[in-house]
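Dropping the sequence and predicted coords here.
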Amino acid sequence: MKYISTRGGITPIDFKDAIMMGLATDGGLILPETIPLLDTTQLEAWRNLPYRDLAFRVISLFCDDIPAEDLKDLIDRSYDSFDHEEITPIVSKGEINILELFHGPTLAFKDVALQFLGNLFEYLLKERKQKMNIVGATSGDTGSAAIYGVRGKENIAIFILHPDGKTSPVQALQMTTVLDANVHNIAAKGTFDDCQNIVKALFNDLPFKEKHALGAVNSINWARVLAQVVYYFYAYFRVTKNLDQQVVFSVPTGNFGDIFAGYVAKRMGLPISKLLLATNENNILTRFILDGDYSLDTVVPTLSPSMDIQVASNFERYLYFLYNENPQRVCAAFEEFSKTGCMKFSNEERSIVLSDFLSQSVNRQETLDTISSFHQQTGYLLDPHTAVGVKAAQDHLSCGLPLICLATAHPAKFEEAVITATGLPPERPASLAGIEKLPSRCEVLDADLTVIKEFIERLAL
């Protein structure tokens, strides 16, 4: 399996090189040259596999330069830290099937990919006798999951930028209370998009990237998307009885990475009818799907801060396929976007989008009402991100197909929203007990590229 850039500017590379490159050197995002299409015999053979075995089968299709025994060990160790034997169990509540993705060490879906990526980085760095300085931006959950994925690991330092005061208190504490010497937290005075733009600028500064051996943990790294593809297969097999059944996945997302993993699964032949993309008030992706309008707007703080994003970094990967795998079209689209802050799409392109996706934007009151009513009706407590996905799913029950909602975080990470909705504090898992009393370390800096570069330069390995 070879990997290319969405912008066409790199020679095809192997999986290991793709993971180490992170963002492509031409500024694009890395994708496999081809996405394997599975037949019904292959798919049915996977139906009853345990999660780790299924992960090995899926990931092996995209990774042929790591010995099978080593890859199996990396995957097994990555999920040893999860507190549920199924890793990503399904809980059925009436007509809604909840895919719980929060059983990892930081109680968020990012653990599924970042525990694997942390082990993969350590493996590759040891093999190559190299060091790496990981740089990432987070709107809430990626940062802590990435930190827990690499804390204390040899030959790795990690620098995580989060928007100061714009994550939940628990999300911030999960990052800043990790005091390992190789962990560096930066609270940037700006928005998540400011943080993400700085990270992209750092990776596009090729001399700086090379000098400090920068590595990517954001979903610009293909391994992140690949690891997330697995749970779409796992959930499908546990909700259906045979491959004649199609399903709808409801995915709360702001950065398009989690739902793009579902799109990859669909292209691989998994019988997904539609991917229902659920947004909060920061609804650039909903506007794109419903109206063909991908245009910048002001970021609005919401109850679901991990989705408070306007520029969706993984959107470029989807555009590559929408534009018939034409990297010149992708380059032209982003050049126009950099000038005007918007992209427009033809009727034919909009028709293609609507064949794969549904979308809905869910506001603050709807989110609170959904947390409250779902708890009253089922006894199940939703975090505000999952509530956005559940509300969208409830409004599409008329589709008549099984609905699977991705539960992206544990409700205890968003206590304020849950208390506002239900009047009750969510029960805290053991990992959060007394977290406010733990010592913390974080540097508050201006959201300025030069300032961030100087900080990294001073502390990089």
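Perfect, thanks for sending it. Residues are numbered from 1 along each chain as shown.

Neighbours of residue 434, how many?
Per other C-beta atoms under 10 Å, the neighbour tally for residue 434 reads 8. Yep, even glycine has a C-beta here, placed from its N, CA and C like the rest.

ditto for the one 4 residues further on
Neighbouring residues of residue 438 were enumerated by other C-beta under 10 Å; the total is 11.

can you check residue 10 too?
Considering only other C-beta under 10 Å, residue 10 is surrounded by 17 other residues.

before we move on, which element is it in?
If you go by DSSP states H and E, residue 10 is not part of any helix or strand.

quick one: contacts for it?
4, 21, 24-26, 28 (C-beta atoms under 8 Å, 6 or more residues apart in numbering).

Setting the sequence-adjacent residues aside, check what's closest to it.
Nearest in space to residue 10, with sequence neighbours left out and distances taken as C-beta to C-beta, 6 or more residues apart in numbering, is residue 24 at 5.4 Å.

Now name the helix or strand holding the one you found.
Short version: residue 24 belongs to no helix or strand, going by DSSP H and E.

mind listing what it touches?
Taking C-beta under 8 Å, 6+ apart, we find residue 24 in contact with 5-7, 9-10, 30.

With respect to residue 170, which of those residues is nearest?
residue 30 (32.4 Å; C-beta to C-beta).

Looks like the closest one contacts residue 21 (just checking).
Yes: taking contacts as C-beta atoms under 8 Å, residue 30 lies within contact range of residue 21: 6.5 Å.

Looking at those two now, which is surrounded by more residues?
Comparing residue 30 with residue 21 by other C-beta under 10 Å, the one with more neighbours is residue 30, at 26 against 21.

Please report the distance of that one from residue 84.
31 Å (C-beta to C-beta, to the nearest Å).

can you check residue 348 too?
Here residue 348 is placed at a distance of 44 Å from residue 84 (C-beta to C-beta).

now residue 280
27 Å.

more neighbours, those two?
The residue with more neighbours, out of residue 280 and residue 84, is residue 280; 28 against 13, by other C-beta under 10 Å.

Can you verify my assumption that that one contacts residue 366?
No: using C-beta under 8 Å, residue 280 makes no contact with residue 366, being 9.4 Å away.

any idea which of the contacts of residue 24 is closest to residue 426?
Distances from residue 426 to these, taken by C-beta to C-beta, are shortest for residue 30, at 37.7 Å.

burial of residue 437, as a residue count?
Neighbours around residue 437, by other C-beta under 10 Å: 8.

and stretch 186-206, how far from the chain's centre?
17 Å (C-alpha atoms, centre = their mean, to the nearest Å).

repeat for stretch 313-330
Going by C-alpha atoms, centre = their mean, where stretch 313-330 is centred and where its chain is centred differ by 18 Å.

mind listing the helices in the stretch 301-450 of the chain by residue range?
315-322, 327-340, 347-356, 364-378, 384-394, 415-422, 449-459 (DSSP state H, counting those that start in this stretch).

Burial-wise, tell me which of those comes out on top.
Ranked by mean neighbour count under mean count of other C-beta atoms under 10 Å, the helices of the stretch 301-450 of the chain are led by helix 384-394, which reaches a mean of 29.

now it against helix 415-422, angle please.
40 degrees (axes from the mean of the first three to the mean of the last three C-alpha atoms, to 10 degrees).

as a whole number, average confidence for helix 384-394?
In this model, helix 384-394 has a mean pLDDT of 98.

got the contact list for that helix?
Here helix 384-394 has contacts from 96, 98, 248, 250-252, 276, 278-280, 302-304, 306-307, 358-360, 362, 366-368, 370-371, 374, 382, 403, 405-409, 414, 417-418, using C-beta under 8 Å, 6+ apart.

Go again with 7 Å.
For helix 384-394, contacts defined as C-beta atoms under 7 Å, 6 or more residues apart in numbering pick out 96, 250-252, 276, 278, 280, 303-304, 306-307, 360, 362, 366-367, 370-371, 374, 382, 403, 405-409, 414, 417.

Residue 144 is nearest to which of the helices of the stretch 301-450 of the chain?
Checking those against residue 144 by C-beta to C-beta gives helix 384-394 as the closest, at 14.6 Å.

Residue 184 falls within a helix, correct?
No: per DSSP: H, G, I helix; E, B strand; the rest coil, residue 184 lies outside any helix segment and is strand.

ok, how many other residues are close to the residue nearest to residue 151 when sequence neighbours are not counted?
Computed as C-beta to C-beta, 6+ apart, the closest residue to residue 151 that is not its neighbour in sequence is residue 180, at 4.4 Å. Residues near residue 180, counting by other C-beta under 10 Å, number 15.
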